[in-house]
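1. The sequence isn't on hand, but the structure is:
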C-alpha cells in the first residue's frame, strides 16, 4: 500500500481486510469483506492513491468547467438545440459526479460517466476538420496522387491497429464469458450433488482463463474435498481401489489449494480456504497440520482482525495436541 499510488485498481477488498477496525467484530458485518468503498471517491483514494484520486478529480473538474462555461456563454446560447442538449447532458453529468462522493459506482455508472464526459467535449468542442482522402485529378502524363498522403497512411494504419486490438479483446473476453458459463454450471452441479460434473466444469473454466482466476481454483479445491468424502464412503470398492482414488484426489486437492493462493497471494480468502482444506486432511496426511498452520498464519497477515481465522488456527493446534497425547499414550 502506498499513499501516493494506492494498492492498485480493484484491490479495496484487500485493503479493507488488512486495515478494518477491531470494533467491526462487534457488529453483524464482522465476517463481511467489502469489495468497494462507501463511495467511489473513497475507493479511488484507497486503490489509486493520492495521485490517482487527484487525476480523477481533475477529469471531473474539467467536465464541470467546460460544461458550466458553455452553458452561461451568450454565444453558445444562440445555438438553441445544442444549448438545450448540453444542459441536459451536463445535468446528468453533474448528478453522476456528485453521486461518486456519496455512493459506490459499478461498471454501468463508470461507462455512463465517460460517455457523458465525451458528449460534453463534443458539444463544446470547436469545429471539426475534414480531410479529403480522395486522389486529386492527375496532371497530364502523371499518376493520381493523394491530397494528404501522410493522413491517408495514418488512417489506414490506425484502422488496422484498432481492428487487431478489437479482435484480441473479443477473443479474450469471449474466453472469459465461456469460462463464467462453465463456472455457473459447476455451481449448479455441486448444488445438485453432482460433484464430478462440478470438477469437470471448473477444470474447463480454469483452462479457458489460463489458470488466472483464483476463485476457480479456490472452489475447485473445495469440490475435490467433497469428492474425497464421496470416494472414502463408497462400499463397492476394494480397500486398495478406494485408497488409490482418495490419494489421487488429495494430490489434486493440494495442488488446487496451492494454485489459488499462488494466482492471487494478496487475497485472504485463498489462504483461508487453503488452511481449511489442509485442516480436513489432518487424519489422512502426516504434516498437513503444519501446512494448515502456515496457511492460516498467512491469512492473519492479510486480515489480522478476523476472529474466525484465530478460531480455526486454534482448532488445528488443539488437534495437534490431541494427536501428540495419543502418541504418548501408545508409547
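-> Here it is on my side, so go on. Keep in mind it's a predicted model, so treat the numbers as computed, not measured.

2. what residue ranges in the stretch 51-200 of the chain score low on pLDDT?
-> Along the stretch 51-200 of the chain, the model assigns pLDDT under 70 to residues 126-153.

3. Show me the strands in it, by range?
-> With DSSP state E, counting those that start in this stretch as the definition, the stretch 51-200 of the chain shows no strands.

4. what about the helices in it?
-> 74-77, 80-99, 107-124, 149-191, 195-208 (DSSP state H, counting those that start in this stretch).

5. With residue 47 as the reference, name the closest of the ones you listed.
-> Across those, residue 47 has its closest neighbour in helix 107-124 (13.3 Å, Cβ to Cβ). Using the backbone N, CA and C atoms, a C-beta is placed for each residue, glycine as well.

6. which one of the helices of the stretch 51-200 of the chain is the most hemmed in?
-> Neighbour counts (mean count of other Cβ atoms under 10 Å) averaged over each of the helices of the stretch 51-200 of the chain peak at helix 195-208, with a mean of 20.

7. re earlier: residue 307 is nearest to which of the helices of the stretch 51-200 of the chain?
-> helix 149-191 (27.9 Å).

8. by how many degrees do that closest one and helix 195-208 diverge?
-> For helix 149-191 against helix 195-208, the angle by axes from the mean of the first three to the mean of the last three Cα atoms, to 10 degrees is 170 degrees.

9. mind checking how far residue 221 is from residue 191?
-> In this view, residue 221 and residue 191 are 17 Å apart by Cβ to Cβ, to the nearest Å.

10. My error: substitute residue 296 in the last question.
-> Residue 296 is 28 Å from residue 191, by Cβ to Cβ.

11. again, but for residue 64
-> 49 Å.

12. got it, and residue 21?
-> Using Cβ to Cβ, one gets 35 Å for the distance from residue 21 to residue 191.

13. All the helices of the stretch 201-331 of the chain, residue numbers only.
-> 214-232, 239-263, 268-279, 288-302, 307-330.

14. Am I right that residue 180 is in contact with residue 208?
-> No - Residue 180 is beyond contact range of residue 208, at 9.1 Å (criterion: Cβ atoms under 8 Å).

15. sorry, back to before: could the helices of the stretch 51-200 of the chain go into TSV alongside distance to residue 50?
-> As requested, the helices of the stretch 51-200 of the chain are arranged in TSV below (distance: least, Cβ to Cβ, whole Å):
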stretch	distance to residue 50
helix 74-77	35
helix 80-99	19
helix 107-124	20
helix 149-191	31
helix 195-208	37
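
16. Identify whichever of these lies nearest to residue 274.
-> Taking these one by one with Cβ to Cβ, helix 195-208 is closest: 16.3 Å.

17. Now do the closest one and helix 239-263, the angle between them.
-> Using the same axes, to 10 degrees: helix 195-208 against helix 239-263 is 40 degrees.

18. Need the residues that contact helix 195-208.
-> With contacts defined as Cβ atoms under 8 Å, 6 or more residues apart in numbering, helix 195-208 is touched by 175-176, 178-180, 182-183, 185-187, 189-190, 213, 216-217, 219-220, 223-224, 226-227, 230.

19. That helix to helix 214-232, inter-axis angle?
-> Using the same axes, to 10 degrees, helix 195-208 lies at 150 degrees relative to helix 214-232.

20. Any idea how many residues pack against residue 61?
-> By other Cβ atoms under 10 Å, the residues close to residue 61 number 11.

21. where's it relative to residue 226, distance?
-> Noted for residue 61: a distance of 54 Å to residue 226, by Cβ to Cβ.

22. Residue 172 too?
-> For residue 172 relative to residue 226 (Cβ to Cβ), the value is 31 Å.

23. Let me know the pLDDT of residue 331.
-> Per-residue pLDDT puts residue 331 at 66.

24. measure stretch 197-217 end to end?
-> End-to-end distance of stretch 197-217 (Cα to Cα, to the nearest Å): 15 Å.

25. so how far is it off the chain centroid?
-> Distance of stretch 197-217 from its chain centroid, counting by Cα atoms, centre = their mean, to the nearest Å, is 15 Å.

26. can you check stretch 268-277 too?
-> Here stretch 268-277 is found 18 Å from its chain centre; the criterion is Cα atoms, centre = their mean.

27. again with stretch 296-304
-> Relative to its chain's centre, stretch 296-304 lies at 21 Å (Cα atoms, centre = their mean).

28. in that stretch, what's buried?
-> Using 16 or more other Cβ atoms under 10 Å as the test for burial, stretch 296-304 gives 296, 298-300, 302-303.

29. Same question for stretch 265-272.
-> 266-272.

30. Same check on stretch 11-31?
-> Using 16+ other Cβ under 10 Å as the test for burial, stretch 11-31 gives 11-18, 20.

31. so which of those residues would you say is closest to residue 167?
-> Closest approach to residue 167 among those (Cβ to Cβ): residue 11, at 29.8 Å.

32. Next, the contact list for the closest residue to that closest one other than its chain neighbours, please.
-> Counting by Cβ to Cβ, 6 or more residues apart in numbering, residue 47 is the residue found nearest to residue 11 once chain neighbours are left out, at 5.4 Å. Going by Cβ under 8 Å, 6+ apart, residue 47 touches 6-12, 15.

33. right, and the pair among the residues you listed with maximum separation?
-> Across the contacts of residue 47, the longest distance by Cβ to Cβ is 11.9 Å; it joins 9 and 15.
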